[in-house]
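*Asks:* Pasting the sequence and the predicted model now:
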Amino acid sequence: NAGVTQTPKFQVLKTGQSMTLQCAQDMNHNSMYWYRQDPGMGLRLIYYSASEGTTDKGEVPNGYNVSRLNKREFSLRLESAAPSQTSVYFCASSDRGRDGYTFGSGTRLTVV
Amino acid sequence: QKEVEQNSGPLSVPEGAIASLNCTYSDRVSQSFFWYRQYSGKSPELIMSIYSNGDKEDGRFTAQLNKASQYVSLLIRDSQPSDSATYLCAVNKGGTSYGKLTFGQGTILTVHP
């Protein structure tokens, strides 16, 4: 019962580099989400996908892009990393939003 | 005004006491409410959900919802040191926001022996 799997767990990037954070869930959930968590700011929604084939911006989408590759996988891409994107990134999924989320273990990203 | 507000704490209680965590929300159309527990360096874990006014009990945890006052709380009875964590309140507005949760900043709880 893997749940929600995120890779990588840790990453250090130089300013301007790009990378993709991967997320996969095996619970047959329809909806998937990307959040970032910063000290004093709580969890903030970057992008979400209500169902396969759809994606929408959240509260803080600037500097990010997403791809819902299939029902299982939802990736987050940083095209040109900036120090302000240093954060912990969480992927989550839900069958119906009413039932709450299952979170992945997170990716700790540092941009220098 | 923040959409979901929590007292960041830290809240310190002795072992065996009742810990009371509070959360207010600004949007009256909010429909679903959740409490997550997050240990340091770990991901949030869902511990309680509540949808209707009143109390909902699960083991040592009780969630309380008052939609008229736009207030949701979490009580932890017989607090244990293992309950020491950050507790996140989350709200789902429903409607076109269906599925998206808005989180409070979290309350740090410390249970001391």
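*Replies:* Noted; the coordinates are in hand.

*Asks:* Whichever residue of chain B sits closest to chain A: how many residues sit nearby?
*Replies:* Per Cβ to the nearest Cβ, residue B:99 is where chain B lies closest to chain A, at 2.8 Å. All C-beta spots, glycine's among them, are computed from the backbone N, C-alpha and C. Using other Cβ atoms under 10 Å in any protein chain shown, residue B:99 is surrounded by 23 other residues.

*Asks:* surely it meets residue A:50?
*Replies:* Yes. Using Cβ atoms under 8 Å, residue B:99 makes contact with residue A:50 at a distance of 5.9 Å.

*Asks:* Find the residue ranges of the chain scoring beneath the pLDDT cut-off.
*Replies:* Looking at chain A here, since you left the chain open. Where chain A drops to pLDDT under 70, the residues are A:1, A:97-98.

*Asks:* Wait, chain B was what I had in mind.
*Replies:* Across chain B, the ranges flagged by pLDDT under 70 are B:95-98.

*Asks:* Enumerate the residues of it near chain A.
*Replies:* For chain B, the contact set with chain A under Cβ under 8 Å from any Cβ of the partner chain comprises B:31-32, B:34, B:42-46, B:49, B:51, B:88, B:90, B:92, B:94, B:98-106.

*Asks:* Of the residues you listed, grab the buried ones for PyMOL.
*Replies:* Here is the PyMOL command that selects the buried residues among the residues of chain B next to chain A (16 or more other Cβ atoms under 10 Å in any protein chain shown):
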select buried, chain B and resi 31+32+34+43+44+46+49+88+90+92+94+99+100+101+102+103+104+105+106
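
*Asks:* Tell me how far the spatially most central residue of chain A lies from chain B.
*Replies:* By Cα atoms, centre = their mean, the mean C-alpha position of chain A lies nearest to residue A:34, the distance being 3.0 Å. Distance, residue A:34 to chain B, using Cβ to the nearest Cβ, to the nearest Å: 12 Å.

*Asks:* Give me the contacts around the one helix or strand that residue maps to.
*Replies:* Element membership for residue A:34 (DSSP states H and E) is strand A:31-38. Contact with strand A:31-38 is made by A:21, A:23, A:25, A:43-51, A:58, A:60, A:64, A:66, A:68, A:74, A:76, A:87-97, A:101, A:106, B:99-101, B:103, as judged by Cβ atoms under 8 Å, 6 or more residues apart in numbering or on different chains.
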